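Q: Got a predicted structure here, sequence first:
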Amino acid sequence: MRIGILKCGQSPEALRGELGDYDTMFERLLAGRDFQFVSYHVEAMEFPESVLDADGWLLTGSRHGAYEKHGFIPPLEDFIRAAYAAHVPMVGICFGHQIIAQALGGKVVKFPGGWAVGPQDYEFDGQKVVLNAWHQDQVVERPAGAQVIGQNEFCDNAALVYDDRAFTIQAHPEFDDRFVQGLIDTRGKGNLPDQLLSSAETRMQGGGQSSPLADRIEQFFKQPRAARASQGAA
């Protein structure tokens, strides 16, 4: 199965050489599952010619806000709406989660309650899962048709599913503790509250549960679907 990774940002340059960029993190997360990957740096205006160029699309995180004025955001929203109309499945992570919601009629804001950093407890379909997070922005209004399948007290819309067309997650199953520590060192210290960072560092003991989310992503992409629509695809 061919998965197109839409790279909506890049990992910090100081970390990229050792720990990889966002697309390589997802390739590691989903390794051994019969996926073939191709990446498009949409933040740099590198877009696929058509939503039908892959069997599914994975939208990464970004340092940008979905509501900000950046040149790549309007064509990315158009692409999302076209993929949705054509029934080409999408998975969105963090910014990807937010931009899919925004493109389909939801609302994303800079959350007044602050940041989520490091390991967080989520409830997915009644089961507790610990995932690394790094975000302040949140989806505060869901699009029509989006159903909540993951949440916690801090983030009501932590995971959404849009029938068989989109599955989105606010947290980062692709981030291991080393990468989160790197974010704390390069982007957090001096910018985020010390107590928040210290709490994240205390919890980072290799206890994240990325495998269950990798399984969910695989199952979502591979679930049986009707033939994809071709009209209106861009």
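A: It's in. All values derive from a computational prediction rather than experimental measurement.
Q: Would you mind writing the CA trace of whichever strand or helix holds V129 as CSV?
A: Per DSSP states H and E: V129 is located in strand 127-135. The C-alpha atoms that make up strand 127-135 are tabulated as CSV, following Å, rounded to 0.1, in the frame of the first residue of the first chain:
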residue,chain,number,x,y,z
GLN,A,127,-8.6,2.0,27.2
LYS,A,128,-5.8,4.1,28.7
VAL,A,129,-3.0,4.9,26.3
VAL,A,130,0.1,7.0,27.1
LEU,A,131,1.4,9.1,24.2
ASN,A,132,3.9,12.0,23.9
ALA,A,133,2.4,15.4,23.1
TRP,A,134,3.8,18.8,22.2
HIS,A,135,1.0,21.3,21.5
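Q: Point out where this structure drops to low pLDDT.
A: 205-208, 227-234 (pLDDT under 70).
Q: related to what we said a few turns ago, other residues contacting the strand holding V129?
A: 61, 94, 115-123, 150, 169-173, 175-177, 179-180, 183, 207-210, 212-213 (CB atoms under 8 Å, 6 or more residues apart in numbering). Quick note: C-beta positions are derived from backbone N, CA and C, even for glycine.
Q: Show me what counts as buried in it.
A: Buried positions in strand 127-135, judged by neighbour count with 16 or more other CB atoms under 10 Å: V129, V130, L131, N132, A133, W134, H135.
Q: and the next element down the chain from it?
A: Proceeding N to C from strand 127-135, the next assigned helix or strand is strand 137-141, under DSSP H and E.
Q: mind listing what that following strand pairs with, with the direction of each?
A: strand 107-110 (antiparallel) (DSSP bridges).
Q: what's across from the spatially most central residue of the chain in the sheet?
A: By CA atoms, centre = their mean, the chain has its centre lying nearest to I93, at 0.6 Å. Bridge pairing for I93 (DSSP bridges) gives the partners I169.
Q: Report the contact partners of it.
A: Contacts of I93 by CB under 8 Å, 6+ apart are F26, L58, L59, T60, G61, T168, I169, A171, H172, P173, E174.
Q: can you pull the contacts of the nearest residue to the first one once chain neighbours are set aside?
A: In space, not counting the residues next to it along the chain, F26 is nearest to E174; the distance is 5.3 Å by CB to CB, 6 or more residues apart in numbering. Under the criterion of CB under 8 Å, 6+ apart, the neighbours of E174 are Y22, M25, F26, R28, L29, I93, S210.
Q: secondary structure class for E174?
A: coil (DSSP: H, G, I helix; E, B strand; the rest coil).
Q: Now do it against S210, distance only.
A: Noted for E174: a distance of 7 Å to S210, by CB to CB, to the nearest Å.
Q: ditto for V139
A: Distance, V139 to S210, using CB to CB: 21 Å.
Q: Same question for A103.
A: As defined by CB to CB, A103 lies at a distance of 26 Å from S210.
Q: more neighbours, these two?
A: For A103 versus S210, neighbours defined as other CB atoms under 10 Å are more numerous around A103 (24 against 19).
Q: Could you report the neighbour count for G71?
A: G71 has 10 neighbours, counted by other CB under 10 Å.
Q: surely C155 meets Q170?
A: Yes: C155 is within contact range of Q170, at 5.6 Å (criterion: CB atoms under 8 Å).
Q: And these two? Which one has more around it.
A: Taking other CB under 10 Å, C155 and Q170 do not tie; Q170 has more neighbours (32 against 21).
Q: Quick check, that one in contact with Q138.
A: Yes: counting by CB under 8 Å, Q138 is a contact partner of Q170 at 6.9 Å.
Q: Appreciated, that's everything.
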